[in-house]
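sequence isn't available, so here's the structure alone:
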């Protein structure tokens with residue numbers, strides 16, 4: 001049967017759709033697994049989303065993707081994403097990255113196990129736990145999948161928990177649709193306004209000094225603001241990082257009363273235009289697979305899943 005590690009991957013599902021003359025009737029579906037719960041699984045198929053009750057599943061398995069990224073491509077993108085969301089406190093364990101930012105966001109407070117940790121895997125994970133214990137923080141490990149599947153298996157054996165699957169999605173900037181015309185305009189600034197920071201503080205549950213470092217300590221960064229009548233309706237953040245010149249999109253947020261007006265798409269387009277002018281040719285973002293509205297928005301903009309990751313949590 002499928003596991004959370006299969007989310008974000010291509011699967012085939014054979015399900016029971018009826019009974020005829022005492023025998024079950026089957027139907028097969030092929031697509032990307034975008035959600036898996038105790039009661040249902042959801043696939044993104046060529047014909048749209050398909051939600052299947054687990055009770056109807058006769059057989060399900062992962063199948064090879066049509067275009068699986070190489071390990072080098074996953075590492076390149078993960079390192080660009082790390083540069084785009086820089087933790088204030090950093091360490092290394094061989095090639096592995098250790099990151100801390102006063103507990104503000106999992107990405108900035110987790111180990112990134114890509115490359116060689118210069119020691120056996122069990123010893124490497126012991127060292128990760130000690131590093132975070134010395135900081136007085138719980139140990140977290142971000143496991144890009146399927147690249148870090150061996151790390152995930154070792155964490156499973158140790159009883160570590162798992163956060164919701166996160167989709168790392170990409171799109172060529174040339175493939176983004178043009179922004180819808182309209183007002184108010186999207187304003188880009190080299191620093192966030194106080195209003196912008198207040199929105200993020202409300203969304204993320206506070207804004208410690210380490211958070212400001214995460215948001216601003218990038219060489220090439222822009223903060224998107226959309227105002228109407230003095231009220232900040234939408235925000236976004238764009239960075240250009242990595243040797244591959246990736247545009248990283250984050251903190252795309254629209255006030256509830258201003259949603260479904262195309263503002264998020266216009267923020268993405270404005271940041272994409274800035275990124276292209278800065279030398280980027282591709283964009284990436286990270287979105288929890290359970291965030292169906294955001295996943296649908298990004299799919300409409302042309303984003304597809306490059307790989308997935310899980311944030312693993314040490315047992316108490």
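Thanks, I have the structure now. Here the structure is a predicted model, which is why all the values come from computation and not from measurement.

the stretch 101-250 of the chain: helices as residue ranges?
In the stretch 101-250 of the chain, the helices defined using DSSP state H, counting those that start in this stretch lie at 121-135, 149-157, 194-204, 209-216.

deepest of those helices, which one?
helix 209-216 (a mean of 18; mean count of other Cβ atoms under 10 Å). Where you see a C-beta, it was placed from the backbone N, CA and C, and this is true even at glycine.

any stretches of the stretch 51-200 of the chain with poor pLDDT?
Counting by pLDDT under 70, the stretch 51-200 of the chain has low-confidence residues at 65-66.

mind listing the strands for it?
Assigned by DSSP state E, counting those that start in this stretch, the strands in the stretch 51-200 of the chain fall at 57-62, 89-93, 96-100, 140-145, 161-162, 166-172, 186-189.

buried stuff in the second one?
In this case it means strand 89-93. Applying a neighbour-count criterion of 16 or more other Cβ atoms under 10 Å, one finds 89, 91, 93 buried in strand 89-93.

just stretch 13-24 next, same as before
Quick answer for stretch 13-24 (16+ other Cβ under 10 Å): 13, 15.

contact partners of it?
Contact with stretch 13-24 is made by 25-30, 41, 43, 52, 56-60, as judged by Cβ atoms under 8 Å, 6 or more residues apart in numbering.

now do the lengthiest strand in the chain and strand 57-62, the angle between them.
Across the chain, the longest stretch assigned as strand under DSSP state E is strand 23-36. For strand 23-36 against strand 57-62, the angle by axes from the mean of the first three to the mean of the last three Cα atoms, to 10 degrees is 40 degrees.

how far away from the center of its chain is strand 23-36?
25 Å (Cα atoms, centre = their mean, to the nearest Å).

that one pairs with which strands, and in what direction?
If you go by DSSP bridges, strand 23-36 pairs up with strand 10-20 (antiparallel), strand 40-45 (antiparallel).

for it, which positions count as buried?
29, 31, 32, 33, 34, 35, 36.

surely the second one touches residue 50?
Yes - taking Cβ atoms under 8 Å as the definition, residue 31 is a contact partner of residue 50 at 6.8 Å.

list the residues that contact both of those two?
residue 43.

residue 138: neighbouring residues, count only.
15 (other Cβ atoms under 10 Å).

leaving out the residues flanking it, which one is nearest to it?
What sits nearest to residue 138 in space, not counting adjacent residues and going by Cβ to Cβ, 6 or more residues apart in numbering, is residue 314, at 5.9 Å.

what pLDDT does the one you found get?
Predicted confidence (pLDDT) for residue 314: 93.

my guess is it contacts residue 130. True?
No - counting by Cβ under 8 Å, residue 314 does not reach residue 130; the two are 11.3 Å apart.

residue 315 falls within a strand, correct?
No - according to DSSP: H, G, I helix; E, B strand; the rest coil, residue 315 belongs to no strand; its state is coil.

measure the residue lying closest to it once chain neighbours are set aside to residue 312 for me?
Counting by Cβ to Cβ, 6+ apart, residue 159 is the residue found nearest to residue 315 once chain neighbours are left out, at 4.7 Å. From residue 159 across to residue 312, the span is 11 Å (Cβ to Cβ, to the nearest Å).

show the average pLDDT along the longest strand of the chain.
87.

between strand 166-172 and it, find me the angle.
Using the same axes, to 10 degrees, strand 23-36 lies at 80 degrees relative to strand 166-172.

quick one, what contacts residue 214?
Residue 214 neighbours (Cβ under 8 Å, 6+ apart): 85, 86, 87, 88, 101, 104, 105, 108.

can we see that at 6 Å?
Listed by Cβ atoms under 6 Å, 6 or more residues apart in numbering, the contact set of residue 214 reads 85, 101, 108.

closest to residue 196 among the residues you listed?
residue 85 (16.4 Å; Cβ to Cβ).

could you check how far that closest one is from residue 62?
From residue 85 over to residue 62 (counting by Cβ to Cβ), the distance is 29 Å.
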